[in-house]
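[1] Whatever this is, show me its structure:
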Amino acid sequence: MRILWEHLAAPWVMGAGRLDLVHSMLNVVPLAAPTRHVVTVHDVSFMRLPGAHPAHRRWYLTAATRLSVRRAAAVLADSRATKDDLVQLLGADPARVTVVYPGTEPEFHPRPPAEVRAFRAAQGVAGRFVLFVGTLEPRKNVDTLVRAFGALASGGGFEGELVIAGGRGWGTERIDAALAASGVRDRIRQIGYVKSEDLPGWYAAASLVVYPSGYEGFGIPVLEAMASGTPVITSNLSSLPEVGGDAALLVDPRDVSQLAAAMQAVLSSPARQAEMRARGLAQAQRFDWTAAADRCLDVYRRVLRGG
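    Numbering: from 1, shown residues only. You can find the predicted model right below:
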């Protein structure tokens, strides 16, 4: 259905509307697009992590994105890391690729203690917990997190729980195996997909958010956690250092020992937690939707002027 829309229906709609400019938000410019185009490419995980996508999806996205970044009048990328990928892997002209960072959503902010206590009571969470948020799939390295939490908790370094929030994607066998083998399985809670209205509460109530993804075009959970005033540990790969800046603690996302040590260092130090909260709130303020809109508008004007 997506392919039919992109290459058959969408060009007809564009032509009927006599549009001056179209912004395609998900990698692909229709082959028969009758007007000038701006395209956003969020990531190229289908090339960086080919095993993370079915073969037909990988083939289509690689071919369509390669053609789109060459045909579009301008290309937007969510991060410098994604821009570098477009230049290196798809041969994009760096002068035509503009980085436009996503912004922070207003519902993610620190909550009053009474509100956090009420949320904890409603969710049945009594003590401290480490939180992961994201779809369960191989590149998120949730299996590494499970093993690192096991090493931390079984060694007496943390008395709380690990909460894994996110729907099951694909390739979850490694996660299931890590959970089954964990010596602290009773302290690991899987809550599945979280409704948008509940997500801010989970971030605000967590002692620490850990997001050890191996590849992201941006890494929204890192931004949401920082904006909520919660310390963050994330990966030292792809775009995640850009998002976390000097606020997040960066680790090798496949190194169990390094991740366990990082969690221990944060969870055992109230002073470090306070410093990371303050740095995180300041870092989150750098990502603003108004600034993103202004940057997009500048690109539209340049394209319409023929620049």
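[2] how near is the most centrally placed residue in the chain to I164?
    Nearest to the mean C-alpha position of the chain, by C-alpha atoms, centre = their mean, lies G219 at 2.3 Å. According to C-beta to C-beta, to the nearest Å, G219 and I164 sit 17 Å apart. All C-beta spots, glycine's among them, are computed from the backbone N, C-alpha and C.
[3] Please apply the same query to G183.
    Here G183 is placed at a distance of 17 Å from I164 (C-beta to C-beta).
[4] do Q264 as well
    19 Å.
[5] These two: which is more packed in?
    I164 (23 against 16; other C-beta atoms under 10 Å).
[6] can you give me phi and psi for that one?
    Main-chain dihedrals, I164, degrees, to the nearest 10: phi -110, psi 110.
[7] try E115
    Main-chain dihedrals, E115, degrees, to the nearest 10: phi -70, psi -40.
[8] Tell me which residues touch it, please.
    Counting by C-beta atoms under 8 Å, 6 or more residues apart in numbering, E115 touches G201, A204.
[9] so what's it scoring on pLDDT?
    As predicted, E115 sits at a pLDDT of 97.
[10] and what of G15?
    At G15, the pLDDT value in this model is 88.
[11] Please report how far it lies from M1.
    20 Å.
[12] These two: which has the busier surroundings?
    G15 (13 against 6).
[13] Surely that one touches P34?
    Yes: G15 lies in contact with P34 (C-beta atoms under 8 Å); the separation is 4.6 Å.
[14] Assign Q190 to helix, strand or coil.
    strand (DSSP: H, G, I helix; E, B strand; the rest coil).
[15] Identify the residues contacting the closest residue to it other than its chain neighbours.
    Distances taken as C-beta to C-beta, 6 or more residues apart in numbering put I164 closest to Q190, at 4.8 Å, once the chain neighbours are dropped. Contacts for I164 (C-beta under 8 Å, 6+ apart) come out as F132, L136, V142, L145, V146, I188, R189, Q190, I191.
[16] is I164 in a bridge, and if so with what?
    F132, Q190 (DSSP bridges).
[17] Retrieve the pLDDT associated with it.
    At I164, pLDDT is 98.
[18] what's the answer for R295, then?
    97.
[19] Now do the buried residues in the helix or strand containing it.
    Using DSSP states H and E, R295 sits within helix 289-304. Applying a neighbour-count criterion of 16 or more other C-beta atoms under 10 Å, the buried positions in helix 289-304 are A292, C296, V299, Y300, V303.
[20] what would those look like in JSON lines with distance to A74?
    Shown next, in JSON lines, are the buried residues of helix 289-304 (distance: C-beta to C-beta, whole Å):
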{"residue": "A292", "distance to A74": "15"}
{"residue": "C296", "distance to A74": "10"}
{"residue": "V299", "distance to A74": "5"}
{"residue": "Y300", "distance to A74": "8"}
{"residue": "V303", "distance to A74": "5"}
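[21] Which stretches in this structure count as strands?
    Secondary structure of the chain (DSSP state E): strands at 21-24, 36-41, 74-77, 97-99, 129-133, 161-165, 188-192, 208-211, 232-235, 249-251.
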